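Peer 1: Everything below, folded, please.
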Amino acid sequence: MLDIGWTELLLIGIVALIVVGPKDLPHLFHTLGRITARARGMAREFSSAMEDAAKDSGLDDAAKSLRDVRNMTSKKSLGLDALDRATQKFEKWDPKRPEPKAAAPAATPDPAAPEPQATPVVAPDAVASDATADGPARRLHAVRRSDMKDD
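Peer 2: All right, here's what the predicted structure looks like:
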């Protein structure tokens with residue numbers, strides 16, 4: 001607000017001491033403090049009256065409905081953020097570069113342990129079309145939703 005440093009305050013205090021006098025200086029500061037307290041109180045009352053007027057006029061409700069509309073049309077609520085991530089992954093994808101293969105397990109399986117029985121999930125029409133003379137049938141596997149996340 002006012003750029004008054006310590007040196008300026010000291011100079012004002014010395015001038016006030018000389019002009020007003022040492023006897024009336026405490027009374028002057030007391031009166032000055034009461035005036036500033038009244039001014040602050042009036043400013044506080046004015047601010048609260050303006051806030052009440054805004055609430056009464058419906059401006060607060062309009063701002064709230066505007067915030068609700070903005071939240072409903074955000075990228076996240078419409079699912080566009082996932083579309084943006086998928087687009088970025090697609091743009092970075094290079095069809096000429098081979099996909100990295102999963103590393104084979106380093107440890108040998110225990111011969112005493114029973115062999116796990118895995119039943120692949122195969123679509124009914126895929127079994128008939130894949131079992132051709134061209135080669136062995138393809139096996140389809142189930143994918144968990146957590147494996148499909150873009151993150």
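Peer 1: where along the chain do the helices fall?
Peer 2: Taking DSSP state H as the test, the helices found in the chain are 6-20, 25-57, 59-72, 75-78, 80-92, 124-130.
Peer 1: nearest to P98, of these?
Peer 2: When the helices of the chain are compared by C-beta to C-beta, helix 80-92 sits nearest P98, at 15.1 Å. Where C-beta positions appear, they are placed from N, C-alpha and C, glycine not excepted.
Peer 1: Quick one: low-confidence residue ranges for the protein.
Peer 2: Where the chain drops to pLDDT under 70, the residues are 1-2, 77, 99-151.
Peer 1: same thing but at 80, please
Peer 2: 1-3, 54-55, 58-62, 71-81, 93-151 (pLDDT under 80).
Peer 1: need the helices of the chain in a markdown table with mean neighbour count, can you?
Peer 2: Below are the helices of the chain laid out as a markdown table (neighbours: other C-beta atoms under 10 Å):
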| stretch | mean neighbour count |
| --- | --- |
| helix 6-20 | 11 |
| helix 25-57 | 10 |
| helix 59-72 | 10 |
| helix 75-78 | 10 |
| helix 80-92 | 11 |
| helix 124-130 | 11 |
